[in-house]
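>>> Here is my input, please return the structure:
(chains A and B)
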2 protein chains.
Amino acid sequence: MRTDLEEKGRLAKAASRKLPKLPQDGKNKALLACADALERKAGDILAANGLDLDKARANGMSPALLDRLALTEERIASMAEGLRQVASLDDPVGEVTGMKKRPNGLLIGRKRVPLGVVGMIYEARPNVTCDAFALCFKTGNAVILKGGSDAINSNIAIVKVLREVLEEQGIDENAVQLIEDTSREAASEFMQMRGYLDVLIPRGGAGLIKAVVENSKVPVIETGTGNCHVFVDESADIDMARRIIINAKTQRIGVCNACESLVIHERIAPEILPLIGEDLGSRGVEIRGDARCRTLIKDAVPASEDDWGREYLDLIISVKTVSGIDEAIEHINRYSTGHSETIVTEDYGNAQRFLDEIDSAAVYVNASTRFTDGFEFGYGAEIGISTQKLHARGPMGLEALTTTKYVIYGNGQVRP
Amino acid sequence: MRTDLEEKGRLAKAASRKLPKLPQDGKNKALLACADALERKAGDILAANGLDLDKARANGMSPALLDRLALTEERIASMAEGLRQVASLDDPVGEVTGMKKRPNGLLIGRKRVPLGVVGMIYEARPNVTCDAFALCFKTGNAVILKGGSDAINSNIAIVKVLREVLEEQGIDENAVQLIEDTSREAASEFMQMRGYLDVLIPRGGAGLIKAVVENSKVPVIETGTGNCHVFVDESADIDMARRIIINAKTQRIGVCNACESLVIHERIAPEILPLIGEDLGSRGVEIRGDARCRTLIKDAVPASEDDWGREYLDLIISVKTVSGIDEAIEHINRYSTGHSETIVTEDYGNAQRFLDEIDSAAVYVNASTRFTDGFEFGYGAEIGISTQKLHARGPMGLEALTTTKYVIYGNGQVRP
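Next comes the predicted model:
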């Protein structure tokens, strides 16, 4: 292991032994102080962000990505507000559940504890730096951050502010560390840090997540890619279905809980598809449909097999017609990424079957997929959306950054 | 991917879509029928086991391993009894928890569901074949088993019986499949089966577990290795400490929750170490101690740095003396494998500090580490003991073979 990364691992591990001993009050006070300091030092952060933006423009970054990278006074205030919100949340650490007396007198309970050291590997948005610190710190974890090269100056400036505040508060500043080397080699070594990292959470595009999942020797929580489906059943309320489809596809296109594929019952298709064609067409959405869809929406282009599995993150949607709920469930379970799917129906049995049989993190009846989000689910925060089945599934709030341990009170018991 | 393994993956995935629809009654009836069939067909299984034993003897397998591999009428009856016990347990699948109405009217709950397809990779004991099937089947998972070459004929015979019963009961027999190719190449391919396996659980020696953890592209639940510590604090009840140490070290030596290392407060060492030297010496245990230990136990041999991290699984123990609870906690957190540790103390503050600060799956006060086990913890079954922090930590019962999904009931909600 590279000595610079190993040293960061060692320091994080040492910090992770101290953080669980901090009282909740102390953690919250530090988070509020971090929020104030971010606002006070906004000038430094904006200057650093300016360097990143200059380089990005020189490299020809697209306007959409430039917008994600750019910080403003308002965005810094919003990062600070995020820290204050996390300070106001309940701390899940320390709760003991299910404590039971066994017949031999042992008293066994499960105590919620921090994971230890969390690794985060992520792309452009500098606000992730601040959010990830806040959630990890609140739950008593040390975090090592590895942001992308595009935002490196911004990330250095933000982490500097956070570490200064921790030091002032008498807290080990190695609760948050940034890997400043943004090379692929450093990323690759970071994924091998078993013994130092307890978990690695990637956030970003499908390419980054695939690379982490395939190469990490540290346990990973896979997040994010969403090929989300809306199924319009035969009995659907047409107006409701149209509202949900418009919302799920167009309310925000670049996000993982946006709809990428429609599945339409063949008996409602003649009535609804022409309307959907207008709804989406007038909003600039390209429709890629199967043969039946194309007879009902004149502007639709042919969908290829490849389209059924695509996460477009763009003004494009695929449309598949099916003979009924069986084919709909089979199609969705085959092509979805296990993120969020919704059925629009007035049929009780089909609603229940969809909820039971669709194998995704969030399964809806008669609502937009866009609600899959830690804030919308009432967690007050989100470190990502897990699309895997181990540990955490769906929006991850503070609890996903914890584990449990068994605490056992005895009075001399030995095993017969 | 090899076509034979891919085919098994495809069949398992198909079975995993059907199993969650089986009623609990149907699953329990099938488990009971499997138990009866194992006993009825004990002759076939014993004949197959005989082939394995002949080969093992010809290869010079040690008596201890031969004993693990050998089946008898009684051991088959005990496997059948295990199936009946699993049938009698509560099924965790289907429970919906934390259902809450959000301000926008969405009703959001978490439903407990099967993981999907479980992969098990394990060594000699043929009973794991039966146990793993029972626990996976009870929780609605399909399982693909990859046992070791030593037990291959026994495993084939057991799986044949199980599959025949499933078929008779009208249940997809691909709920359980065995990979009959016991080569390393097949094992290596098995670990790459992303998209087919939802989780891979290795059970066996440290070498097997390390190989799986390092090479698997499928999420792994790491199980088992235990370098468990007993810390005797200054205030310990000497008799209780002796009973606990004798039990934790010698009640059964080849298991992961046996004690491998003693940590002794220096102020109680002069009184207790000579007694422990006799207790363990008279039971054939070799003591490897630090310098102070060796002045107090004449037969002790010097411990090297390497000894502090060893899981002996043998009649050997390391002994370290420390200046107090701080050094004890630091030493244990540094060298333990995060399995089970116990403190023997009459000091309230030190007991609480040990419970809080030791970073292991099970942390005890005044009891033997030997209790870390799904049956002793009251789960009625165990698929393994997790020493990692994600998903499950400590003894894993039925719930560890499940995940959750969010089920959301709406009435037309779209995101503003």
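>>> Point me to the residue of the stretch 101-250 of chain A nearest chain B.
Across the stretch 101-250 of chain A, the shortest distance to chain B (C-beta to the nearest C-beta) belongs to A:Asn247, at 3.6 Å. No exception for glycine: its C-beta is placed from N, CA and C like everyone else's.
>>> Just to check, that residue is in contact with B:Arg415?
Yes: counting by C-beta atoms under 8 Å, B:Arg415 is a contact partner of A:Asn247 at 5.9 Å.
>>> Pull up the overlap in contacts between these two.
Common neighbours of A:Asn247 and B:Arg415 (criterion: C-beta atoms under 8 Å, 6 or more residues apart in numbering or on different chains): A:Ser368, A:Arg370.
>>> the more surrounded of the two?
Using other C-beta atoms under 10 Å in any protein chain shown as the criterion, A:Asn247 and B:Arg415 rank with A:Asn247 on top: 22 against 18.
>>> quick one: secondary structure of the more buried one?
helix (DSSP: H, G, I helix; E, B strand; the rest coil).
>>> Contact partners for it?
By C-beta under 8 Å, 6+ apart, the residues touching A:Asn247 are A:Ser368, A:Arg370, B:Val414, B:Arg415.
>>> And the furthest pair within those?
Pairwise distances across these peak at 7.4 Å for A:Arg370 and B:Val414 (criterion: C-beta to C-beta).
>>> Check the contact lists of the two and give me the overlap.
Taking C-beta under 8 Å, 6+ apart as the criterion, A:Arg370 and B:Val414 both touch A:Asn247, A:Ala248, A:Gln251.
>>> Surely the second one touches A:Gly226?
No: taking contacts as C-beta under 8 Å, A:Ala248 lies outside contact range of A:Gly226: 10.7 Å.
>>> Touching both of those two, which residues are there?
Contact criterion C-beta under 8 Å, 6+ apart; residues shared by A:Ala248 and A:Gly226: A:Ala258, A:Thr369.
>>> what about dumping the CA coordinates of the longest strand seen in chain A to PDB?
Selection of the longest strand in chain A by residue count, based on DSSP state E, yields strand A:402-413. Extracted in PDB, the C-alpha atoms of strand A:402-413 (Å, rounded to 0.1, in the frame of the first residue of the first chain):
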ATOM      1  CA  THR A 402     -24.000   2.500  11.500                       C
ATOM      2  CA  THR A 403     -23.800  -1.200  12.400                       C
ATOM      3  CA  THR A 404     -24.600  -3.100  15.500                       C
ATOM      4  CA  LYS A 405     -22.700  -5.100  18.000                       C
ATOM      5  CA  TYR A 406     -23.900  -7.500  20.600                       C
ATOM      6  CA  VAL A 407     -23.400  -6.500  24.200                       C
ATOM      7  CA  ILE A 408     -23.700  -9.300  26.700                       C
ATOM      8  CA  TYR A 409     -24.000  -9.000  30.400                       C
ATOM      9  CA  GLY A 410     -23.100 -12.100  32.300                       C
ATOM     10  CA  ASN A 411     -22.300 -13.200  35.900                       C
ATOM     11  CA  GLY A 412     -19.900 -16.000  35.300                       C
ATOM     12  CA  GLN A 413     -21.700 -18.100  32.600                       C
END
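>>> what are the pairing partners of the host helix or strand of A:Arg112, and which direction each?
In the assignment (DSSP states H and E), A:Arg112 maps to strand A:107-114. Its sheet considered, strand A:107-114 pairs with strand A:96-101 (antiparallel), strand A:402-413 (antiparallel) by DSSP bridges.
>>> right, and the helix or strand after it?
strand A:117-122.
>>> Can you tell me the strand partners of that next one and which way each runs?
strand A:142-146 (parallel), strand A:199-203 (parallel).
>>> quick check: mean pLDDT across the last one?
Mean pLDDT, strand A:199-203: 94.
>>> one step back: pLDDT score for the residue of the stretch 101-250 of chain A closest to chain B?
pLDDT at A:Asn247 comes out at 98.
>>> Excluding chain neighbours, what is closest to it?
Leaving aside its chain neighbours, A:Asn247 sits nearest to B:Val414 (3.6 Å; criterion: C-beta to C-beta, 6 or more residues apart in numbering or on different chains).
>>> Check whether that neighbour really touches A:Arg243, as I assumed.
Yes: B:Val414 is in contact with A:Arg243 according to C-beta under 8 Å; the separation is 5.4 Å.
>>> my read: A:Leu401 touches A:Ile383, true?
Yes: the pair A:Leu401 and A:Ile383 passes the contact test of C-beta under 8 Å, sitting 6.3 Å apart.
>>> what residues are shared contacts of the two?
Taking C-beta under 8 Å, 6+ apart as the criterion, A:Leu401 and A:Ile383 both touch A:Leu135, A:Cys136.
>>> Not counting sequence-adjacent ones, nearest residue to A:Thr403?
Counting by C-beta to C-beta, 6+ apart, the residue nearest A:Thr403 is B:Lys389, at 4.1 Å.
>>> Now do the same contact list for A:Lys8.
With contact taken as C-beta under 8 Å, 6+ apart, A:Lys8 is in contact with A:Ile144, A:Gln177, A:Ile179.
>>> Report pLDDT for it.
Looking at A:Lys8, its pLDDT is 97.
>>> what about it, distance to chain B?
18 Å (C-beta to the nearest C-beta, to the nearest Å).
>>> Now A:Leu390. Nearest residue, chain neighbours left out?
Among residues not flanking A:Leu390 along the chain, B:His391 sits closest, at 4.2 Å (C-beta to C-beta, 6+ apart).
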